[in-house]
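Asks: pasted the sequence and its predicted model underneath.
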Amino acid sequence: MTKRVRRTAVLLLVLLVVAGGCGGGGNVLPPVPSITDARDATGTDPCALVSAEQLAAAGVGGAGTAVAAEEGPRCRWSGAGASLDVTLYTDGGGLATLAENSEPTTTRVRLAGYPALETFTGRGEFCQYDVGVSASQVVMAARDAASPDSCEVLQRVLPGVLENLPAPGEPGPGR
């Protein structure tokens, strides 16, 4: 784990503790919207989802490295001062579970027509999107780089990654 990622994790933990201590009652979150153009990430290799052009746009390149992750299969790319992780969360409760357990700084957004959770640091050096691609599956993408703004980069890269996922029942990349 890099110093920047560790420092970010500690900062997020402190913010979570402070926000938890200041909150009165629990916030009631609206339900996660339904997904109309479902995709199936089961059995897909996350390293096969990102094209060379998308990697270049994210400031990374080369072959991705498979990384063990609790959430599911993960691929990591690194470049000059930047990293990109794509994780396929297919064995859990989907975006609804992640939303229930999200940090207070996480916001709900739509990305490429899909419901998503956005978590980022104030200066934009770290950003993560958890994108619901079916009722029980999520594509998680995180970028860590000093510049340009990581959320802006992921907003440009992720639509193509999501398009690379097959519809249910269709063969997909890396299967």
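Replies: In hand now; what should we look at? Everything numeric here is computed off the predicted structure, so don't read it as measured data.

Asks: mind listing what residue 150 touches?
Replies: Contacts for residue 150 were tallied using CB atoms under 8 Å, 6 or more residues apart in numbering; they are 120, 124, 125, 126, 127, 143, 144. Any C-beta I mention is one placed from the backbone N, CA and C, and that applies to glycine too.

Asks: most neighbours, which of those residues?
Replies: residue 143 (29 neighbours; other CB atoms under 10 Å).

Asks: quick check: closest non-adjacent residue to that residue.
Replies: residue 150 (4.0 Å; CB to CB, 6 or more residues apart in numbering).

Asks: what about the one you found, distance to residue 121?
Replies: 8 Å (CB to CB, to the nearest Å).

Asks: in TSV, list the contacts of residue 150 along with pLDDT.
Replies: Listed next are the contacts of residue 150 as TSV, based on pLDDT from 0 to 100:
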residue	pLDDT
120	90
124	73
125	86
126	92
127	93
143	94
144	93
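
Asks: and which of the residues you listed is nearest to residue 42?
Replies: Nearest to residue 42 out of the contacts of residue 150 is residue 143 (CB to CB; 24.4 Å).

Asks: look up how far residue 156 lies from that closest one.
Replies: 11 Å.

Asks: just residue 122 next, same as before
Replies: Counting by CB to CB, the gap from residue 122 to residue 156 is 21 Å.

Asks: what about these two, which has more around it?
Replies: Legend: neighbour count by other CB under 10 Å for residue 122 and residue 156, higher for residue 156 (12 against 8).

Asks: now do the strands in this structure.
Replies: For the chain, applying DSSP state E gives strands covering 65-67, 74-79, 82-89, 107-111, 114-120, 126-132, 138-145.

Asks: in a markdown table, list those along with distance to residue 168.
Replies: Below are the strands of the chain laid out as a markdown table (distance: least, CB to CB, whole Å):
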| stretch | distance to residue 168 |
| --- | --- |
| strand 65-67 | 24 |
| strand 74-79 | 22 |
| strand 82-89 | 14 |
| strand 107-111 | 20 |
| strand 114-120 | 15 |
| strand 126-132 | 14 |
| strand 138-145 | 15 |
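
Asks: quick one: closest of those to residue 58.
Replies: Of all the strands of the chain, strand 82-89 sits nearest to residue 58, with 4.7 Å by CB to CB.

Asks: mind listing residues that contact the closest one?
Replies: Counting by CB under 8 Å, 6+ apart, 2, 41, 44, 46-47, 49-50, 55, 58-60, 64, 67, 69, 71-78, 98, 130, 137-145, 157, 161 sit against strand 82-89.

Asks: could I get the pLDDT score of the residue nearest to residue 143?
Replies: We have a pLDDT of 91 for residue 150.

Asks: now swap in the one 10 residues further on and tell me
Replies: Looking at residue 160, its pLDDT is 94.
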